[in-house]
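*Asks:* Next one to model:
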Amino acid sequence: MCLRNVARACALLGGIGAAAVACAQDAGHSWVLTAGGEIDDESGYRLDAGAAWIPVEPTAVSALVGRSDSSTDFGDFTSTVASLSLDHSFDPIGVTLEARWRDDAEFLRANTWAGSLYFKRGAWRVALKGETRSTDFDPQTFENVVITRQGVPILASATSTCSLDNTGFGAVASYVGSLWSARLSATEYDYSDADCEFTNFSPPSAGRFLRLRPNLLPLIAPRLFEFQRLQRSSVTRESTFLDSTLSAGLGLRDGPRTWELDYFHDREQFQELQSDTLIAALTFPVGARSDLEVRLGVTESDVVGTVGFAGFTVFAYLGGP
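*Replies:* Numbers count the residues shown, from 1 in each chain. Sure, this is the predicted structure:
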């Protein structure tokens, strides 16, 4: 079934919609629905659900909603995320567009606009991608040494309301064959200065507005130190502000089953903390038009050492042959 191949390729191509375009001609007006979650041994969890729709031959539209909770002893963060993406192939050139939204309760809200331009020939696909993100932080009270625009360090206390913009650029190369598949991806991020407004500032002579280099932002937004520790496992790694990320994946089809192995190396922005994540997954049929993927993984990070996690995703195929 072509739709079953969609689900198994999505992890390597970066989304159900991207894989759906590869076989939309056979799938017709079809849907792929997903639901799943993960939990780690630090009591963090994530739940998500998604859908991909192929309305016409070269086009796929996909949506995702999710919720994660760190539930850790060093700071609780609850995140709600949503995304909407479009993939259109002009054969052999194609484009993707994506909008992502994130709301971390009592901490931040972020909007991301992303896109890619890809070239596909046979089983091979190469893409250049870019994104821009705007983040607004809730007010936070601090007492710390900060740097003024003139480069002068001062001991200050205040309530800060900050925003931060960043961009990301990268490339992805993938191969999806009848028996095996592979993917290699790299992304580098660049951050602008943080714009902050201060109230209840002490000393008042320092002024109400400062422009801070992004690596100094945690000094006046203290919860950001704790937030960056969400890098600790696959359950919450996508929440953090990354400086760079490198990933690779391999897949092997064994009859009705598909085995996958994925690796991620991340460096976060503010403290240059690094982490390595390895995920093994098995996908197999559980019905005539449904599959189940089960995952086991481990993250080794500068934050909390080694953290294990497990997860699952259910795929349901509606319409099409």
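*Asks:* If we go by neighbour counts, what in whichever strand or helix holds V81 is buried?
*Replies:* When elements are defined using DSSP states H and E, V81 is found to belong to strand 78-89. Using 16 or more other C-beta atoms under 10 Å as the test for burial, strand 78-89 gives 79, 81, 83, 85, 87-89. For glycine as for every other residue, the C-beta is placed from the backbone atoms N, C-alpha and C.
*Asks:* contacting residues for the spatially closest residue to E188 that is not a sequence neighbour?
*Replies:* Excluding the flanking residues, the one nearest E188 by C-beta to C-beta, 6 or more residues apart in numbering is S244, at 5.0 Å. The contact partners of S244, taken as C-beta atoms under 8 Å, 6 or more residues apart in numbering, are 186-189, 266-267.
*Asks:* change it to 7 Å
*Replies:* For S244, the contact set (C-beta atoms under 7 Å, 6 or more residues apart in numbering) comprises 187-189, 267.
*Asks:* okay, who's weakest in those residues by pLDDT?
*Replies:* Sorting the contacts of S244 by confidence puts R267 at the bottom, with a pLDDT of 90.
*Asks:* who's it bridged to?
*Replies:* Bridge pairing for R267 (DSSP bridges) gives the partners S244, Q274.
*Asks:* so how many other residues sit close to it?
*Replies:* The burial count assigned to R267 is 18, neighbours taken as other C-beta atoms under 10 Å.
*Asks:* my read: A248 touches Y263, true?
*Replies:* Yes. When contacts are counted by C-beta atoms under 7 Å, A248 is listed as touching Y263 (5.1 Å).
*Asks:* quick one: the helices in the stretch 201-321 of the chain?
*Replies:* Assigned by DSSP state H, counting those that start in this stretch, the stretch 201-321 of the chain shows helices spanning 217-220, 223-227.
*Asks:* Please pick the buried ones from the contacts of S244.
*Replies:* For these, a burial check counting by 16+ other C-beta under 10 Å picks out 187, 189, 267.
*Asks:* Identify, from those, the entry nearest to D136.
*Replies:* Of all the buried ones among the contacts of S244, Y189 has the smallest distance to D136: 17.9 Å, by C-beta to C-beta.
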